[in-house]
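Q: Got a predicted model here, sequence first, then my questions.
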Amino acid sequence: MAGHSKFKNIMHRKGRADAARSKLFSKLSREITVAAKSGMPDPAMNPRLRLAIANAKAESMPKDNIERAVKKGAGGDGENYEEVRYEGFGPGGVNLIVEGLTDNRNRAASNIRSIFAKNGGNLGASGSVTFQFDRMGELTYPASVGSEDAVMEAAIEAGAQDVESDEESHVVYTAFEDFAEVATALEGALGEPKSSKIVWRPKNTTAVTGDAVATLMKLIDALDDDDDVQNVYGDYDVSDEDMEKYA
């Protein structure tokens, strides 16, 4: 297992204002509906649905909203969403991966291309960026579950690949194919995680400073605001000072 990573968080999260929270709930509901529609509506029999519901609960999404989204998918009433992925380049030379669920692939592609172009980036061809990332499982625990050493030991025992710890949380990374097994083992050792998901983790990071930080964050915000976008991942490394200036 690799040692403690100094990489900054690769996913930019905006503040939880009411409008942003509504947007987040909409994305979470869409993922739940798609998961329920693509497999069994029982989370015990459908790993993707189980993950989607766990992440919705982690964001304090109301139980009624979750149940409504599951029923929508189980009843076949949900729109026929298609999974899409876009790869591109942002200010400061960063690599970005955009994942989405859309009922109109042409609209989604046009909007994403426009967002990149208007915010100092450009859309790349399929495969132009993903080789710079690893597809991995990510489990996040609050710092209160234990010391960095204790969590590292539990992660090694569970078969995880890496742990990043700071004052607020422990983030455990697993190989994509080992995610379910490691998640089960860690839940037995540390309890239920705050969030569990499949992510794109960069193999290396790109330092971004100065004016490029604001431009990059505006691009990521614009992508995140698009209705067809579910997740945005990047290999950027921004200092806390520069991030505070943007915020």
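A: It's in.

Q: ok, the residue lying farthest from the centre of the chain to V98 distance?
A: Here the centre of the chain is the reference, and by CA atoms, centre = their mean the most remote residue is G75, at 27.1 Å. Note on G75: its distance to V98, by CB to CB, to the nearest Å, is 30 Å. Quick note: C-beta positions are derived from backbone N, CA and C, even for glycine.

Q: Show me where this structure has its strands.
A: For the chain, applying DSSP state E gives strands covering 82-90, 94-102, 122-123, 133-142, 162-165, 169-175, 195-202, 206-207, 229-234, 236-237.

Q: Tell me the buried residues in the top helix by length along the chain?
A: Secondary structure of the chain per DSSP state H: the longest helix is helix 18-38. Under the neighbour-count criterion of 16 or more other CB atoms under 10 Å, helix 18-38 has 23-25, 27-37 buried.

Q: go on, stretch 116-127?
A: Residues of stretch 116-127 classed as buried: 116, 119-121, 123-124 (neighbour count, 16+ other CB under 10 Å).

Q: where in this protein is pLDDT low?
A: Residue ranges of the chain with pLDDT under 70: 1-19, 76-79, 246-247.

Q: Can you give me the domain assignment for it?
A: The chain breaks down by automatic domain parsing into domains covering 18-74, 82-131+204-246, 133-202.

Q: contacting residues around the longest helix of the chain?
A: Applying CB atoms under 8 Å, 6 or more residues apart in numbering, the contact partners of helix 18-38 are 14, 16, 46, 48-49, 51-53, 55-56, 59, 61, 65-66, 68-74, 76, 78, 81, 83, 101, 225, 227, 229-230.

Q: any idea of the angle it forms with strand 195-202?
A: In terms of direction (axes from the mean of the first three to the mean of the last three CA atoms, to 10 degrees), helix 18-38 departs from strand 195-202 by 100 degrees.

Q: next one: helix 18-38 to chain centre, how far?
A: On the basis of CA atoms, centre = their mean, to the nearest Å, helix 18-38 sits 13 Å off its chain's mean C-alpha point.

Q: cool, and stretch 231-247?
A: On CA atoms, centre = their mean, the centre of stretch 231-247 falls 15 Å from that of its chain.

Q: So for it, what gets flagged as buried?
A: Neighbour counts over stretch 231-247 (16+ other CB under 10 Å) mark 231-238, 242 as buried.

Q: And the closest residue in space to A185 that isn't next to it in sequence, how far from L139?
A: For A185, ignoring the flanking residues on the chain, the nearest one in space by CB to CB, 6 or more residues apart in numbering is A158 at 3.7 Å. Counting by CB to CB, the gap from A158 to L139 is 9 Å.

Q: Which neighbours do those two have in common?
A: Taking CB under 8 Å, 6+ apart as the criterion, A158 and L139 both touch 172, 182, 186.

Q: List only those of those residues flagged as buried.
A: Buried residues within those, counting neighbours by 16+ other CB under 10 Å: 172, 182, 186.

Q: So for L216, which of the strands of the chain sits nearest?
A: Comparing those against L216 with CB to CB, the closest turns out to be strand 82-90 (5.1 Å).
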